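Visitor: from the sequence below, what's the structure:
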Amino acid sequence: PEGSSSVLPPNMSLASCLEVRAEFAEVARDMDPTVRLLFALAMRAWELGDADASLGLFMLLSEAGVGKAHRNAAKLWEERISSLTASRLNESSVSRDAASMPEETSCSAGGGEVRFELHNTGRFCCGGGDCGSAQFLFNEPGFEPNECAMKCSVDPQCAFATIYATGYCQLTADCGSSELASDPSAQTYAVHRPEPRCAAKSREM
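Guide: From the prediction side, this is the model:
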């Protein structure tokens, strides 16, 4: 800065200097007494089986910029979403698909569960491939992460769900392009559905 006598160390680029500064800032945050206390409480809650309390504390620390808390929150969300049972995820999808099927065809959901796999963090999908005018199947606030995942699971077009700690929910049919989200709590999950089993039914003459 102007008036400062500090200079870059020899053989160190500005980019490297900024990277070191960012790492130092993260270490300084981690050593903050309040951060250490909250992190310890989050770990203790997890050890005692109180996943909700643990997740809430990790999300709070994530909003404060604590990297390891953000990673832990992402892991807990991934486990929570993946633990949804197949019946709960598929019930609405099966009934919806059955209504639009031809009478001579009968299909049932595959034997496996609908799974959600963490695709990226801190970014959102640009549906249609153009981040300037992304095409969303759904893009609204006010949804818990499990509600957002459920909404994606019952929409056959939905292939990616981006959830936010603020309650925002974004669903897209593709994620060929993505962009850095203004909210760092963004977590995008890819949806993996079981293959349906279909059998032809003979028509009555």
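
Visitor: residue boundaries of the strands in the chain?
Guide: Along the chain, counting by DSSP state E, strands occupy 105-108, 115-121, 123-125, 138-140, 160-163, 169-172, 178-180, 187-192, 197-200.

Visitor: CSV for these, including mean neighbour count, distance to Lys68 and mean pLDDT?
Guide: C-beta coordinates here come from the backbone N, C-alpha and C atoms, glycine included. Converted to CSV, these look like this (neighbours: other Cβ atoms under 10 Å; distance: least, Cβ to Cβ, whole Å; pLDDT from 0 to 100):
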stretch, mean neighbour count, distance to Lys68, mean pLDDT
strand 105-108, 13, 43, 46
strand 115-121, 18, 13, 88
strand 123-125, 24, 19, 93
strand 138-140, 14, 30, 92
strand 160-163, 26, 20, 93
strand 169-172, 24, 26, 94
strand 178-180, 14, 20, 92
strand 187-192, 20, 16, 90
strand 197-200, 10, 43, 56
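
Visitor: Throw those into CSV and include distance to Phe39, thanks.
Guide: Shown next, in CSV, are those (distance: least, Cβ to Cβ, whole Å):
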stretch, distance to Phe39
strand 105-108, 46
strand 115-121, 19
strand 123-125, 25
strand 138-140, 32
strand 160-163, 22
strand 169-172, 28
strand 178-180, 26
strand 187-192, 20
strand 197-200, 47
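
Visitor: check Pro9 and give its pLDDT.
Guide: Looking at Pro9, its pLDDT reads 64.

Visitor: so Leu57 is in contact with Ala45, correct?
Guide: Yes. Assessed by Cβ atoms under 8 Å, Leu57 is found in contact with Ala45 at 6.7 Å.

Visitor: sorry, back to before: which one, of the strands of the chain, ends up nearest to Glu78?
Guide: Judged by Cβ to Cβ, the one of those that comes nearest to Glu78 is strand 115-121, at 4.9 Å.

Visitor: in terms of neighbours, single out the busier of Leu57 and Ala45.
Guide: Taking other Cβ atoms under 10 Å, Leu57 and Ala45 do not tie; Leu57 has more neighbours (23 against 18).

Visitor: who's in contact with the more buried one?
Guide: 38-39, 41-42, 45, 69 (Cβ atoms under 8 Å, 6 or more residues apart in numbering).
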